[in-house]
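**Student:** Here is the input, now give the coordinates:
(one chain, ligands or ions: 1)
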Amino acid sequence: MPERIYFDHSATTPADPRVLESMIPYLGEQFGNPSSLHETGRVARLAVEKARQQVADLLKASGEEIIFTGSGTEADNLALTGFVEAQDHEAVHMITSAIEHPAILKTCRYLETRKVSVTYLPVTPDGLVEPDSLAAALRPETRLVSIMAANNVAGTLQPTGELARITHRHGAVFHTDAVQAFGKLPLNTGQESPDMISVSAHKLYGPKGIGALFVRKGIALAPLIHGGGQERGLRSATENVSGIVGFGCAAELAREEMSPEAVRLVRWRDEMAEHILGSIQGAYLIGHPYRRLPGHLCLGFSGLEGDMIKLMMLLDEAGVSVSTGSACSAGHQSGSSYVLQAMGFDVLKARGSLRVTLGRFNTREEIDRFLKILPEALAALRPVTTDFFWVH
Ligand code: PLP
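**Tutor:** Numbers count the residues shown, from 1 in each chain. You can find the predicted model right below:
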């Protein structure tokens, strides 16, 4: 029985064995509370601060600019709500895109109930936010712009440098949700780059339940969680020491291995796309042809858009884990994808896509095996679908 193929790295990644090894002492004998002043506490504090620097290094930032959070979702909430609540302006306007993760979109909806006005920028059919549309949406009272670095469904990469430049010229703050991009591509925190960046360990072979927000020095935020004043008062709670240590290790490994890994995954991704689009009738690529995450393919199959869950389950039975749309957003399995609709797909075409995302431990053999399994699964699906169309 061949081993299961895991092609769902945009949902989550397996922890790297080196990450697990780094965490084990902090789940056992090194159990201290980093706030304790004695030796046991100091050991934990040192480990947390080392990890903070490792995460900062991957962003070319300073350790003081990293706030650990409980997830990427929490980092997004802190960036938006924390920023808005720290403003003493009467009117606050912010801008985001229509294809953000729910961690951003639902926070925006919440902020709208708190008298913040929000503009949701459209995207091109490739999933790109056009810099001109941002420039046109800026208003005198615009204080914050939040545009994701990479989309979790389509895989499209946004021109965050240019979007940040336009935002800064206007005197506003630029945040990016880089949960999908962090550890896969270099993210810069130089001058014309984001002022706040949300990241999450479980997307880069680290543990789940630990994230971070990069906040450039000088940007004021209000905390969402009140208590003992950890994380510079911005995220009270005893730190998740083992999770933070694992995150630090994962960030360091990404810094060392990101470039060759990205080159390999881009090559395999493009070979897979070429093979699938060239051999399967009706197959099409969703998202930008090359401005996309290294191992990320989002595929559609004409006429089968409503059957993507069935296809995913057939692949699951054949030993392949992939997803339809985004596994991180509750309710994604029903109705239409708001991301695909924003990219101009009609309601029927936006019903489904197959997301195939490669990662660090995949092999060429797995790709070859998948390329044989996929047409078989589609063949098993097509007769059922054709019957469905003819009978009804
Ligand atoms: N933002 C994006 C773009 C994501 O893809 C995800 C999860 O998939 C999140 C935020 C949420 O991160 P977390 O799972 O750490 O809460």
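
**Student:** so where is the stretch 251-392 of the chain shaky, pLDDT-wise?
**Tutor:** When residues are selected by pLDDT under 70, those of the stretch 251-392 of the chain lie in 325-334, 383-392.

**Student:** out of everything not next to it in sequence, what's closest to the residue of the chain at minimum distance from the ligand?
**Tutor:** Nearest to the ligand in the chain, going by Cβ to the nearest ligand atom, is Gly72, at a distance of 2.7 Å. In short, each C-beta sits where N, CA and C put it, glycine included. Leaving aside its sequence neighbours, Gly72 sits nearest to Ser200 (Cβ to Cβ, 6 or more residues apart in numbering; 3.1 Å).

**Student:** Give the bridge partners for that neighbour, please.
**Tutor:** When bridges are called by DSSP bridges, Ser200 pairs up with Gly211.

**Student:** Spell out which parts of the stretch 151-300 of the chain neighbour the ligand.
**Tutor:** By Cβ under 6 Å from any ligand atom, the residues of the stretch 151-300 of the chain that approach the ligand are 152, 177, 179-180, 200, 202, 211.

**Student:** what residues go with each domain of this structure?
**Tutor:** Annotated domains of the chain cover 5-12+258-380, 17-253 [automatic domain parsing].

**Student:** Next up, the contacts around the nearest residue to Leu58 once chain neighbours are set aside.
**Tutor:** Distances taken as Cβ to Cβ, 6+ apart place Ala251 nearest to Leu58, at 4.4 Å, with adjacent residues excluded. If you count contacts by Cβ atoms under 8 Å, 6 or more residues apart in numbering, Ala251 has them with 51, 54-55, 57-58, 183, 204, 206.

**Student:** ok, back up a step: tally of neighbours for the residue nearest to Gly72?
**Tutor:** Ser200 has 30 neighbours, counted by other Cβ atoms under 10 Å.

**Student:** Give me the buried entries from the residues of the stretch 151-300 of the chain next to the ligand.
**Tutor:** Burial by neighbour count, 16 or more other Cβ atoms under 10 Å: within these this picks out 152, 177, 179-180, 200, 202, 211.

**Student:** Stretch 182-196: which residues count as buried?
**Tutor:** So for stretch 182-196, counting by 16+ other Cβ under 10 Å, buried means 182-185, 187, 189, 192-196.

**Student:** Out of those, which one has the weakest pLDDT?
**Tutor:** Lowest pLDDT of the buried residues of stretch 182-196: Thr189, 75.

**Student:** Might you report the residue contacts of that residue?
**Tutor:** Per Cβ under 8 Å, 6+ apart, neighbours of Thr189: 59-61, 65, 197, 214, 216.

**Student:** Tell me the pLDDT of the closest residue to Gly190 other than its chain neighbours.
**Tutor:** Spatially, and ignoring its direct neighbours in sequence, Gly190 is nearest to Lys60 (7.2 Å; Cβ to Cβ, 6+ apart). Note on Lys60: pLDDT of 94.

**Student:** List the residues that contact Lys60.
**Tutor:** Neighbours of Lys60 in contact, by Cβ under 8 Å, 6+ apart: 188-190.

**Student:** so which of the contacts of Thr189 is the most crowded?
**Tutor:** Within the contacts of Thr189, neighbour counts (other Cβ under 10 Å) peak at Ile197, which reaches 30 neighbours.

**Student:** Shouldn't that one be within a helix?
**Tutor:** No - judged by DSSP: H, G, I helix; E, B strand; the rest coil, Ile197 forms no part of a helix; its state is strand.

**Student:** hang on, isn't it packed against Leu58?
**Tutor:** No - in this structure, Ile197 is not within contact of Leu58 by Cβ atoms under 8 Å, at 10.4 Å.
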